[in-house]
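Undergrad: got a sequence here, can you model it:
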Amino acid sequence: SSAVSTCPLCKHQFEGRPQLSINKVFAQIAEKFKQTHYAPLPSPFVWCDVCTGIKQPAVSSCLTCTASYCTEHVQPHHTTPFYAKHPLMDPQEALRGRTCSVHRRLMEVYCRTCESCICAICVLREHRVHKTVSVQTERLSKQILNPCGRRWRCSLLTNHLNPSVFQSHADRERGEVELPLNDLSDSLDQIRSRVVGGIVAQLEAVMTKGEGMVKRLEEELSQLTERRAALEAQATSQDHIAFLKVRTPAASSSPLFITLLHHHPSSSSPLFITLLHHPSSSLLFITLHHHPSSSLLFITLLHHPSSSLLFLPQTYEVCHILEDVTLNPVTAYPFLILSEDRKQLKRGEKLQFYRNSPHRFDVWSCVLAKEGFSSGRHYWEVCVGENKDWKLGVVSESAQRKGLFDMCPSHGYYAIWWSSSQLRALTTPPLTKVKGHHPKLRQVGVFLDMEEGQVSLYNVKSGSEIYSFHTSTEFTERMFPLLGTGDKEVPLILLTTLQHPA
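TA: Below you'll find the model as predicted:
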């Protein structure tokens, strides 16, 4: 019944619930039992790797053989010289931290890429492309390099904290920066001196030229004043015979010609002097104007119908600035020799080192100018001297240059040819022999009129026309000056206003 109580240990029954009390002796024993620290459970045995049948517990492990041995099988490592250098360790210590957690193999290799120890199977799989060495090699390198690294870091720290090192570094950096700046400063000074010197020289030249112009104009004004007074005196004279005997002064000494000669240097050419200097001419007046699209000076002469200058046209054109023509080596025949300034050419003995070009002459010994003309009127002069074989004229841009062909207007060539003491115009075969006596021809002027389709060549010394090519229409494509020679001694020379002979 519920009134009976039973002891859970001895099963003794009580009629009523007994009064329980603590067993102090047992409680103290239990408390001490809780506070007692017991040693950890022993690790599992490491068995001998050599025993067959019943395996015996291992007493040593060889790190070289990577095996554990019992008392019997470890004896060769103690007695045989072959195993003298094999390190032996306690089996538990040999396995602790020395086996791969993945493959359960001894870790004998060090991966420098991952900075960890690995086993032989890891080298063939996960670490096959990494940089690996043996653990002994890695230990040796770290034992040697670590002290060196510490000394290097200490030396580096000491140098960085040294003020003299900072100062020398700053001086070196400043020197590297100042050197190019000094060179730049010197270059700027040179450029400044050249520019300022050029401006001063140009100013002095302009001032000198202006003073000379003023002086010449004053002289012309004085001459005109004297001439006017003389004409007025003659006009009031009643002696008609004396008035008619007065001759007009020569053009070469007139104020008009002096002005033209100053402003237009080419007005001193024989052609122009022939035009102005003629004793029997009765010129009423002369008008001048300059065409902006060309380098020509237009001179209109009005004279009496009875004048002896009827052979001259009423409007004459004179070039006052020669075109600055330079030769283009890209078009030169391979045996032609060009001067450095591209103003002279002659035939050479050997093949010149020119690059191959579709624009180059390969049969005719010719070369074109670098400058082409597409509009306006143009004039240039060439000194042929004693050259025995030369060609001069113009050629169209699309004209044939390769192979053997006829140089004629139908092929885009407008030129004359001096050879074998004969002068011929390169017209449609047969060639046209130019009439006249030309042995003393030394300087040739070439005149090109794009709008009129005209090419004329002149004897510069005599002012006479050598030959003219006329087309029915204007030139529609660019035209280039043409020069050619077969003479190996006397060169052809392109002239400029500064080289114009007196």
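
Undergrad: please count neighbours and contacts with C-alpha atoms only from this point.
TA: Will do.

Undergrad: any idea how far residue 235 is from residue 228?
TA: Distance, residue 235 to residue 228, by C-alpha to C-alpha, to the nearest Å: 10 Å.

Undergrad: check residue 34 too.
TA: Per C-alpha to C-alpha, residue 34 is found 152 Å from residue 228.

Undergrad: so for those two, which sits in the more crowded spot?
TA: Using other C-alpha atoms under 10 Å, the more surrounded residue of residue 34 and residue 228 is residue 228, with 12 against 8.

Undergrad: wait, doesn't residue 50 sit right on residue 71?
TA: No: taking C-alpha atoms under 8 Å as the definition, residue 50 is not a contact partner of residue 71, at 11.1 Å.

Undergrad: with neighbour numbers in mind, choose between the two.
TA: Each of residue 50 and residue 71 had its neighbours counted (other C-alpha under 10 Å), and the higher figure belongs to residue 50 (16 against 12).

Undergrad: how does this protein divide up, domain by domain?
TA: Following automatic domain parsing, the chain resolves into domains at 247-319, 329-495.

Undergrad: could you tell me the least trusted of the ones you listed?
TA: Among those, domain 247-319 has the lowest mean pLDDT, at a mean of 41.

Undergrad: contacts only, for the spatially closest residue to residue 327 that is not a sequence neighbour.
TA: Counting by C-alpha to C-alpha, 6 or more residues apart in numbering, residue 369 is the residue found nearest to residue 327 once chain neighbours are left out, at 4.2 Å. Residue 369 makes contact with 325-328, 480-483, according to C-alpha atoms under 8 Å, 6 or more residues apart in numbering.

Undergrad: and residue 382, by the same measure?
TA: Residues in contact with residue 382 (C-alpha under 8 Å, 6+ apart) are 443-445, 492-495.

Undergrad: let's see that with 6 Å instead.
TA: Residues in contact with residue 382, defined by C-alpha atoms under 6 Å, 6 or more residues apart in numbering, are 443-444, 493-495.

Undergrad: again with residue 67
TA: With contacts defined as C-alpha under 6 Å, 6+ apart, the neighbours of residue 67 are residue 61.

Undergrad: for it, what are phi and psi?
TA: Main-chain torsions, residue 67, degrees, to the nearest 10: phi -150, psi 160.

Undergrad: which parts of the stretch 151-300 of the chain are helices?
TA: Along the stretch 151-300 of the chain, counting by DSSP state H, counting those that start in this stretch, helices occupy 163-235, 240-244, 255-263, 270-276.

Undergrad: redo those as TSV? Include distance to residue 80.
TA: Output for the helices of the stretch 151-300 of the chain, formatted as TSV (distance: least, C-alpha to C-alpha, whole Å):
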stretch	distance to residue 80
helix 163-235	62
helix 240-244	154
helix 255-263	121
helix 270-276	125
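
Undergrad: return the most buried member of the ones you listed.
TA: Burial of the helices of the stretch 151-300 of the chain is given as mean neighbour count (mean count of other C-alpha atoms under 10 Å); helix 270-276 ranks first at a mean of 18.

Undergrad: can you tell me the centre-most residue of this protein?
TA: The centroid of the chain falls nearest to residue 355 when counting by C-alpha atoms, centre = their mean (19.7 Å).

Undergrad: secondary structure class for it?
TA: coil (DSSP: H, G, I helix; E, B strand; the rest coil).

Undergrad: same deal with the one 3 residues further on?
TA: Secondary structure state of residue 358, per three-state DSSP, is coil.

Undergrad: tell me the spacing between it and residue 475.
TA: 23 Å.

Undergrad: more neighbours: these two, which one.
TA: With neighbours defined as other C-alpha under 10 Å, residue 358 and residue 475 compare such that residue 475 has more, 19 against 10.

Undergrad: ends of stretch 103-112, what's the gap?
TA: Using C-alpha to C-alpha, one end of stretch 103-112 lies 20 Å from the other.

Undergrad: my bad, should have said stretch 426-445
TA: Stretch 426-445 stretches 17 Å from its first residue to its last (C-alpha to C-alpha).

Undergrad: and it, how far from the chain's centre?
TA: Put simply, stretch 426-445 sits 47 Å off its chain's centre (C-alpha atoms, centre = their mean, to the nearest Å).

Undergrad: what of stretch 210-223?
TA: With C-alpha atoms, centre = their mean, you get 52 Å for stretch 210-223.

Undergrad: repeat for stretch 109-121
TA: 54 Å.

Undergrad: which residues does that stretch contact?
TA: Defining contact as C-alpha under 6 Å, 6+ apart, one finds that stretch 109-121 is touched by 106-108, 130-135.

Undergrad: and stretch 88-100, by the same measure?
TA: With contact meaning C-alpha under 6 Å, 6+ apart, stretch 88-100 is reached by 60-62, 105-107.

Undergrad: straight-line length of stretch 367-378, end to end?
TA: 19 Å.

Undergrad: quick check: buried residues in that stretch?
TA: Buried residues in stretch 367-378, counted by 16 or more other C-alpha atoms under 10 Å: 367-369, 372-373, 375-378.

Undergrad: could you export these as TSV, including secondary structure and distance to residue 126?
TA: Formatted as TSV, these follow (DSSP: H, G, I helix; E, B strand; the rest coil; distance: C-alpha to C-alpha, whole Å):
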residue	secondary structure	distance to residue 126
367	strand	75
368	strand	75
369	strand	75
372	coil	75
373	strand	78
375	coil	81
376	coil	84
377	strand	86
378	strand	85
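
Undergrad: out of those residues, who's nearest residue 5?
TA: residue 372 (138.7 Å; C-alpha to C-alpha).

Undergrad: spatially nearest residue to the closest one (excluding sequence neighbours)?
TA: Nearest non-adjacent residue to residue 372, counting by C-alpha to C-alpha, 6+ apart: residue 480, 4.7 Å away.

Undergrad: need the contact partners of the strand or helix carrying that neighbour.
TA: In the assignment (DSSP states H and E), residue 480 maps to strand 479-485. Residues from elsewhere that reach strand 479-485, judged by C-alpha under 6 Å, 6+ apart: 365-369, 372-373, 389-397.

Undergrad: which residues touch residue 424?
TA: Contact partners of residue 424, counting by C-alpha under 6 Å, 6+ apart, are 416-417, 432-434.

Undergrad: that's a helix at it, yeah?
TA: No: counting by three-state DSSP, residue 424 is not part of a helix but strand.

Undergrad: tell me the confidence at residue 135?
TA: Confidence score, pLDDT, at residue 135: 85.

Undergrad: look up how far residue 107 lies from it.
TA: Counting by C-alpha to C-alpha, the gap from residue 135 to residue 107 is 8 Å.

Undergrad: neighbour-wise, which of the two wins?
TA: Between residue 135 and residue 107, counted using other C-alpha under 10 Å, residue 107 has the larger neighbour count: 22 against 16.

Undergrad: neighbours around the closest residue in space to residue 324 that isn't next to it in sequence, how many?
TA: Nearest residue to residue 324 in three dimensions, chain neighbours excluded: residue 496, at 6.0 Å (C-alpha to C-alpha, 6+ apart). Other residues lying near residue 496 total 17 when counted by other C-alpha under 10 Å.

Undergrad: for residue 496, report the pLDDT, please.
TA: So residue 496 comes in at 77 (pLDDT).

Undergrad: and residue 115, its phi and psi?
TA: phi 60, psi 50.
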